[in-house]
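Asker: Using only what follows, build the 3D model:
(one chain, ligands or ions: 1)
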Amino acid sequence: MRDLKSELLDKRFLQPFASKAVAPPPVWLMRQAGRYLPEYRQVRAEAGSFLDLCYTPDLAAEVTLQPIRRFGFDAAILFSDILVVPDALGQSVRFAEGEGPRLDPIKSVAGLARLALSNTNDKFALVCETVQRLSEALPRETALIGFCGAPWTVATYMAEGKGSSDQAAARGWAYRDPAGFQQLIDILTETSIVYLTGQIEAGANAIQIFDSWAGSLAENEFARWVIAPTARIVRAIRERFPAVPIIGFPRGAAASLQTYIDGTDVDGVSCDTSCPLSVMQTIARTGKAVQGNLDPLLLVTGGDALDQRVDTICETMAGLPFVFNLGHGIVPETPPENVARLVARVRKAS
Ligand code: 1CP
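Answerer: Residues are numbered from 1 along each chain as shown. Sure, this is the predicted structure:
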């Protein structure tokens with residue numbers, strides 16, 4: 001039996017999700033494992049393809065631990081990818097070197113026949129084995145975050161067959177045939193619930209739902225394709241695991257953040273770089289945890305500009321339930337010494 005009360009006491013990362021301010025704030029960074037670390041590039045080269053790395057528990061656990069060893073972050077995030085879900089469902093994903101993900105696009109309801117929840121067992125089991133190994137290997141004070149992509153964001157890759165700047169394939173499908181697109185969203189919602197349940201049972205202490213393309217939708221579509229499926233995931237996970245915090249990341253949707261929180265009932269939100277600190281303060285004052293939101297490019301720049309912004313964020317969010325993070329993922333050009341500098345600076349904040 002897991003003792004969730006002692007997890008909360010041991011792992012300072014979890015406390016903001018119980019509406020507590022922690023000084024200095026807990027810190028972890030999106031994409032803290034990755035190509036900016038030489039030790040990652042070495043394991044990645046040994047693994048073969050990117051998805052082989054995700055599906056090899058030894059190696060996936062190793063690259064998750066690398067940034068914890070180097071920087072002592074307060075939380076580790078499972079090394080995997082949001083596109084493991086379509087891959088496991090039966091729409092194979094390839095990562096072409098330097099080109100990002102490639103999938104055979106599904107552009108209409110007829111393509112959904114390729115997908116089945118029953119296909120996912122073996123691949124999800126490998127990811128959950130990684131989680132289990134991590135929960136045994138991590139220091140007691142380090143929390144483990146599991147994750148999935150939100151149904152809307154995952155659907156944008158499935159419909160487009162790759163990353164896109166405007167998510168036109170999914171938006172077009174959703175306008176043309178909302179009932180058909182709803183079927184895809186429903187499949188992803190149910191699959192995400194199964195996937196997150198497996199990660200929590202294997203030892204994840206918190207969950208993050210990445211909705212990287214939430215900002216591309218108009219109000220009604222945001223309610224239907226972002227809020228409604230996320231709310232369903234939150235309800236299902238909370239019913240089984242009431243003590244496990246659920247963090248939403250509706251990137252690009254700062255103006256709808258309160259609507260998103262009210263509609264989904266997440267325990268906390270991750271805020272992108274464009275979100276004003278005053279908005280983050282307002283939300284944190286209601287007792288919801290807020291994560292964010294340093295520009296990842298300032299972490300490339302480093303120096304005084306980095307220090308000053310870190311201080312501003314920490315000072316503005318002092319006394320509130322806050323977790324220091326970036327507004328989006330670390331970029332490969334980031335000098336690792338700037339990450340060490342950031343962590344030291346956050347830890348000096350009181
Ligand atoms: O060659 C490599 O090493 C591949 C680079 C890479 C990495 C390190 C990809 C390909 N994914 C990942 C890991 C990853 N992806 C994590 C691991 C944990 C960590 O943060 O350390 C997580 C949480 C993700 C989530 C993810 N994947 C998102 C949501 C967050 C975000 O960045 O907006 C998205 C949109 C993806 C898709 C994806 N995977 C990889 C790439 C290059 C992309 C973006 C494709 C595109 O839109 O062009």
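Asker: Surely Arg31 is within a helix?
Answerer: No - checked against DSSP: H, G, I helix; E, B strand; the rest coil, Arg31 lies outside a helix; its state is coil.
Asker: What residues does it make contact with?
Answerer: For Arg31, the contact set (Cβ atoms under 8 Å, 6 or more residues apart in numbering) comprises Gly329, Ile330. Bear in mind the C-beta positions are built from the backbone N, C-alpha and C, glycine included.
Asker: For it, give me the backbone phi and psi.
Answerer: phi 60, psi 40 (degrees, to the nearest 10).
Asker: Can you give me the distance of it to Phe210?
Answerer: Distance of Arg31 to Phe210, given as Cβ to Cβ, to the nearest Å: 11 Å.
Asker: same thing with Gln182?
Answerer: 21 Å.
Asker: These two - which one has more neighbours?
Answerer: Phe210 (22 against 17; other Cβ atoms under 10 Å).
Asker: Determine the three-state secondary structure at the more buried one.
Answerer: strand.
Asker: just the strands in the stretch 1-150 of the chain please.
Answerer: 75-77, 93-96, 100-103, 143-149 (DSSP state E, counting those that start in this stretch).
Asker: Which elements pack onto the second one?
Answerer: Judged by 3 or more Cβ pairs under 8 Å, 6 or more residues apart in numbering; DSSP states H and E, the packing partners of strand 93-96 are helix 50-54, helix 84-89, strand 100-103.
Asker: Name the residues of the lengthiest helix in the chain that are buried.
Answerer: The longest helix of the chain (DSSP state H) is helix 178-201. Buried residues in helix 178-201, counting neighbours by 16 or more other Cβ atoms under 10 Å, are found at 181-182, 184-185, 187-200.
Asker: Now do it and strand 143-149, the angle between them.
Answerer: 160 degrees (axes from the mean of the first three to the mean of the last three Cα atoms, to 10 degrees).
Asker: what's near enough to touch Ser256?
Answerer: Glu219, Phe222, Pro250.
Asker: Repeat that for Cys148.
Answerer: Ile82, Val85, Val154, Ser192, Tyr195, Leu196, Ile207, Ile209, Phe210.
Asker: The residue lying closest to the first one once chain neighbours are set aside: how many residues sit nearby?
Answerer: Closest residue to Ile82 apart from its sequence neighbours, by Cβ to Cβ, 6 or more residues apart in numbering: Gly149 at 2.9 Å. A count of nearby residues for Gly149, using other Cβ under 10 Å, gives 25.
Asker: likewise Thr120?
Answerer: Around Thr120 there are 21 residues (other Cβ under 10 Å).
Asker: Please apply the same query to the one 10 residues further on.
Answerer: If you count neighbours by other Cβ under 10 Å, Thr130 ends up with 26.
Asker: The residue of the stretch 101-250 of the chain at minimum distance from the ligand in helix, strand or coil?
Answerer: Using Cβ to the nearest ligand atom, the single residue of the stretch 101-250 of the chain nearest to the ligand is Gly163, 2.3 Å away. At Gly163 the chain is in coil, as set by three-state DSSP.
Asker: Which residues are in contact with it?
Answerer: Gly100, Pro101, Tyr157.
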